[in-house]
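1. Below are the sequence and a predicted model for it; my questions follow.
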Amino acid sequence: MKTTTFLTFVGDQCGKAKEAIDFYTSIFPNSEIKSIVKYQEGEAGGTPELIKYGVFTLNGTAYMVSESNYNHAWSFSPGVSIFVTCTSEDEIDTLFEKFVSNGGLVMVPLDNYETGDYGFGKKFGWCQDMFGISWQFNLSE
């Protein structure tokens, strides 16, 4: 068995998946776009400029993506996030800054926790990117 994170861009985010993939693969090492399949003319769920199915990797981990122009009653939620474990302070600072400075929203400021930390690292921050996807950044001990 294998599990993979699947991101569906709908509503205001529909049509932004390729921009998101390009952004993510540009800032994470060992990342690439594996495949993108677009909708055919007249195909249900989308139009030819939208991604029907795509696969990309971030530091070797595969993610799947799709766009749908149906009127969905949902979109991305901060209740589900991508958790990134960083191995250096420079790495966590750089990644967090790239997300926030490119239209992101800080949900938990990036900070050191000498006392009263969250229990899983020595520096932590949480943000939502310009596409509405939530990211948690943690500096491993």
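-> Thanks, I have it.
2. so what secondary structure elements neighbour the helix or strand of the chain with the lowest mean pLDDT?
-> In the chain, no helix or strand scores lower on mean pLDDT, DSSP states H and E than strand 105-112, which sits at a mean of 88. Applying 3 or more C-beta pairs under 8 Å, 6 or more residues apart in numbering; DSSP states H and E, one finds that strand 105-112 makes contact with helix 89-101, strand 123-128. (Each C-beta comes from the backbone N, C-alpha and C, glycine too.)
3. Now the longest one: average pLDDT?
-> Averaged across helix 89-101, pLDDT comes to 96.
4. counting contacts, what elements does the helix or strand hosting Gln136 pack onto?
-> Per DSSP states H and E, Gln136 falls inside strand 134-139. Strand 134-139 sits against strand 81-86, helix 89-101, strand 123-128, with contacts defined as 3+ C-beta pairs under 8 Å, 6+ apart.
5. can you list the residues that contact the last one?
-> Think strand 123-128. 78, 81, 89, 92, 96, 99-100, 104-113, 117-118, 134-139 (C-beta atoms under 8 Å, 6 or more residues apart in numbering).
6. again, only using 7 Å
-> Residues external to strand 123-128 that are found in contact with it (C-beta atoms under 7 Å, 6 or more residues apart in numbering): 78, 89, 92, 96, 99-100, 104-113, 118, 134-139.
7. The first one too?
-> By C-beta under 7 Å, 6+ apart, the list of residues contacting strand 81-86 from outside reads 5, 92, 95, 133-140.
8. at 8 Å instead, please
-> Contact with strand 81-86 is made by 5, 92, 95, 121, 126, 133-140, as judged by C-beta under 8 Å, 6+ apart.
9. which among those residues gets closest to Lys18?
-> In terms of C-beta to C-beta, no member of the contacts of strand 81-86 lies closer to Lys18 than Ile133, at 14.4 Å.
10. The closest residue to that closest one other than its chain neighbours - how many residues pack around it?
-> Of all residues not flanking Ile133 in the chain, Phe76 sits nearest, at 5.3 Å (C-beta to C-beta, 6 or more residues apart in numbering). By the criterion of other C-beta atoms under 10 Å, Phe76 has 19 neighbours.
11. re the thing from before, now the angle between helix 89-101 and the strand holding Gln136, please.
-> Orientation check (axes from the mean of the first three to the mean of the last three C-alpha atoms, to 10 degrees): strand 134-139 against helix 89-101 gives 160 degrees.
12. Much appreciated, bye for now.
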